[in-house]
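Peer 1: I need the structure of the sequence given here:
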Amino acid sequence: MILQRLDSILDVSVYPDSIRKALEYLRDTDFSLLEDGEYEIEGRSIFARVFTLESKEKEESRAEYHEKYIDIQYWLSGRELMGWKERKDEPYRLYSGSDDLFLIENPLEGERFISCRKGDYMILFPSDIHRPGIRDGEIVKYRKVVVKVDVSTL
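Peer 2: Numbers count the residues shown, from 1 in each chain. Coordinates of the predicted model:
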């Protein structure tokens, strides 16, 4: 997992090409002009999903991970807590049936909570379990982009 501010990236060339393309897309796109939905960057190899969400109680959020895609989550507005834990064994995994989404039974022993806010991005690899959408203080509406990068492009 990598957590960084998008406006603090000095040189995106340090990343593999597919992650660099995703970060350039996040940096160069005016998301105020885009509605919520899915947008292709490079077909199904790199694509973005734009969401408007409302944070919720920790108990209402499900932990998840992906095997085929890396998530690059970017906060356009608002804030949320992101639960995170390294994925080792997952005897409690449940396949959701679509979109490379594996759900995890809560709670997770050793889970950490990271405050994410407007301008932050987080890169989550298949080795990362994450639990998005948790309220950080009061319940708030927020908007974020999740860019999916196929691991085969690395």
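Peer 1: what residues are up against residue 69?
Peer 2: With Cβ atoms under 8 Å, 6 or more residues apart in numbering as the criterion, the residues that contact residue 69 are 100, 148, 149, 150, 151. Where C-beta positions appear, they are placed from N, C-alpha and C, glycine not excepted.
Peer 1: show the contacting residues for residue 110.
Peer 2: Taking Cβ under 8 Å, 6+ apart, one finds residue 85 in contact with residue 110.
Peer 1: based on its surroundings, how many neighbours for residue 18?
Peer 2: Using other Cβ atoms under 10 Å, the number of residues around residue 18 comes to 20.
Peer 1: show me what contacts it?
Peer 2: 42, 45, 46, 149, 150, 153, 154.
Peer 1: surely the second one meets residue 149?
Peer 2: When you say that, I think you mean residue 45. Yes. Judged on Cβ atoms under 8 Å, residue 45 makes contact with residue 149 at a distance of 7.5 Å.
Peer 1: who has more neighbours out of those two?
Peer 2: residue 149 (25 against 15).
Peer 1: picking that back up, would TSV of the contacts of residue 69 with secondary structure be doable?
Peer 2: TSV is the format used below for the contacts of residue 69 (DSSP: H, G, I helix; E, B strand; the rest coil):
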residue	secondary structure
100	coil
148	strand
149	strand
150	strand
151	helix
